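Quick one, fold the following:
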Amino acid sequence: MRTATGARARAGAAAVLAALVVGCTGAPTATDGPPRAAPVADPGPASTSPVLAPPAQARSFTDDFAAADSGWAPDLDQPGLAGGYVGGTYRVAVEGEPRAVAVPSPVMVEPGEADVLIVAEATVVDGAGRFGLFCRQDERFGSRYLAVVDRDGGWGLYRDAAGRVIPLAGGEAGDAPVSAAGSNRLELSCAGGLNSRPTTLAFAVNGQQMGVVEDARGVGRADARQVGLVVALDADGGAVDVAFGDFRIAVAADLRLPSGSQAPIEPSPSAAPSATTPPLPSRQPRDQSPPASSPSATTPPLPGFNDPTPTAATEPSPDPSGF
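Okay, here's the model as predicted:
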């Protein structure tokens, strides 16, 4: 992995572009024409078991998208954005100017700082862009952590706080073992606290752990948090259509569903990690400095998110520089 200086990371963060976020009710706004409605590709066989270990004594939420009443936004038919439940998958297609679309799952994690493992299969149906998962989302403050990959094997872990999307770690094309035409298993582990306490993130693609990073500051102050799917266009815009399947959450906390959802929440036994799975590092006390971590020199900035107008003041940054 290549590394970048703090100045490079600041420059990348300053270059983020206007974008879009979709809430649980699916009410996006956009300005471009609808994406192409290409047929979904065969997702292929499911990948191997997750390489990242779930939290101990976790509860789980699973969704294979076979039923269209499991609580996700049912119809993303808006200018520049299309998708919803399609043929046992959840499709997200974006076209036009650079943007990032975050689609929350129908469950809320309570308390929000609980350790959580998110797993999903993703297939690029058409186009080029980035796709992945997010955790710790609070739309009131426009904050979340994101893990994305592209079909060329580039990947990145990002921190989005009050609209500032900052790369934490990443790799260039060819680093991640991505199947350009088949299904890809994505795993994102988020461990640690909110309220400016350290959070440890781990990202794996098709059974290979790509990176582990600790964010010493954390994001947000909410008691409940959302996790979900993300699709992003790069600086040149264009179009990308991604089909997600076999979405799973394992979390050592309560999971709250919206009224009317039929999706199951069940106890999940703790799975022992593989003998070859590197353990996640222990979180450090607040009075210790975290290990240095720099994004890849080639990790592109992720387009920013324009969250809904908050009802309260946006989250203040502990660092006056914004970084």
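
Regarding the protein, what is its longest strand?
Residue-count comparison of every strand in the chain, with assignments taken from DSSP state E, identifies strand 238-251 as the longest.

low-confidence ranges in the protein?
For the chain, the stretches with pLDDT under 70 are 1-58, 194-196, 220-224, 253-323.

need the helices for it, in chain order.
Listed from the start of the chain, the chain has helices (DSSP state H) covering 6-14.

before we move on, back to that, so what does the longest strand of the chain touch, helix or strand wise?
In terms of contacts (3 or more Cβ pairs under 8 Å, 6 or more residues apart in numbering; DSSP states H and E), strand 238-251 is packed against strand 59-63, strand 89-96, strand 100-110, strand 116-127, strand 130-138, strand 225-232. To be clear about C-beta, it is placed using only N, CA and C from the backbone, and glycine gets the same treatment.

could you measure residue 252 against residue 118, distance?
Computed with Cβ to Cβ, to the nearest Å, the distance linking residue 252 and residue 118 is 13 Å.

So for the two, which sits in the more crowded spot?
Taking neighbours as other Cβ atoms under 10 Å, residue 252 and residue 118 compare with residue 118 leading, 27 against 19.

Enumerate the beta-bridge partners assigned to the more buried one.
For residue 118, the beta-bridge partners are residue 188, residue 249 (DSSP bridges).

Surely it touches residue 133?
Yes. Shown here, residue 118 and residue 133 form a contact pair, counting by Cβ atoms under 8 Å, at 4.9 Å.

what residues do these two have in common as contacts?
In the contact map built from Cβ atoms under 8 Å, 6 or more residues apart in numbering, the residues linked to both residue 118 and residue 133 are 187, 188, 227.

Pull out the buried members of those residues.
Neighbour-count burial (16 or more other Cβ atoms under 10 Å) applied to these gives 187, 188, 227.

surely the first one meets residue 122?
No. In this structure, residue 187 is not within contact of residue 122 by Cβ under 8 Å, at 11.2 Å.

bridging residues for the closest residue to residue 91 other than its chain neighbours?
Leaving aside its chain neighbours, residue 91 sits nearest to residue 83 (4.3 Å; criterion: Cβ to Cβ, 6 or more residues apart in numbering). On the basis of DSSP bridges, residue 83 takes part in beta bridges with residue 92.

could I get the helices and strands packed on strand 238-251 as CSV with distance to residue 161?
Putting those into CSV (distance: least, Cβ to Cβ, whole Å) gives the following:
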stretch, distance to residue 161
strand 59-63, 26
strand 89-96, 23
strand 100-110, 14
strand 116-127, 18
strand 130-138, 10
strand 225-232, 14
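
Looking at the ones you listed, spot the one closest to residue 69.
Closest approach to residue 69 among the helices and strands packed on strand 238-251 (Cβ to Cβ): strand 100-110, 10.0 Å.

Now do the strands in the stretch 151-300 of the chain.
Taking DSSP state E, counting those that start in this stretch as the criterion, the stretch 151-300 of the chain carries its strands at 155-161, 164-171, 184-192, 199-205, 208-215, 225-232, 238-251, 254-256, 265-267.
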